[in-house]
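Undergrad: Build the 3D model from these lines:
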Amino acid sequence: MNPRNWKPAHRIAFFFAALFGACIGVFAGMGHYDPYEPGYWLHVGVWTAMGTFLGALGGFLRQLLRGRD
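TA: Numbers count the residues shown, from 1 in each chain. Okay, the predicted model is just below:
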């Protein structure tokens, strides 16, 4: 299950899953905290990182459950 052995189309889909997760994380983080709160961008960055991780995890699990190709 080495990502380096995936087809290019699967790598692109994995990248877009991570990107989609990052976008969801940014918007969730921006909506969750007051912009005038100290450390606002730090909180948004943490939400973005978590969204990226969850999006990438979803893409990886999808490939894992798909089987060999």
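Undergrad: ok, and for stretch 15-31, which residues are buried?
TA: The neighbour-count criterion (16 or more other CB atoms under 10 Å) identifies Ala17, Ala18, Phe20, Gly21, Ala22, Ile24, Gly25, Val26, Gly29 as the buried residues of stretch 15-31. Glycine gets a C-beta too; all of them are placed from N, C-alpha and C.
Undergrad: How about Cys62, nearest residue that isn't a chain neighbour?
TA: Actually, residue 62 is Arg rather than Cys. Excluding the flanking residues, the one nearest Arg62 by CB to CB, 6 or more residues apart in numbering is Ala17, at 7.7 Å.
Undergrad: for the protein, longest helix please?
TA: helix 40-66 (DSSP state H).
Undergrad: Okay, and Glu37 sits in which element?
TA: Assigned by DSSP states H and E, Glu37 falls within no helix or strand.
Undergrad: how many neighbours does Met1 have?
TA: Residues near Met1, counting by other CB atoms under 10 Å, number 9.
Undergrad: Look up how far Ala9 lies from the nearest residue to it once chain neighbours are set aside.
TA: If the residues on either side of it in the chain are set aside, Met1 comes closest to Leu64, at 5.9 Å by CB to CB, 6+ apart. Shown here: Leu64 relative to Ala9, a distance of 17 Å by CB to CB, to the nearest Å.
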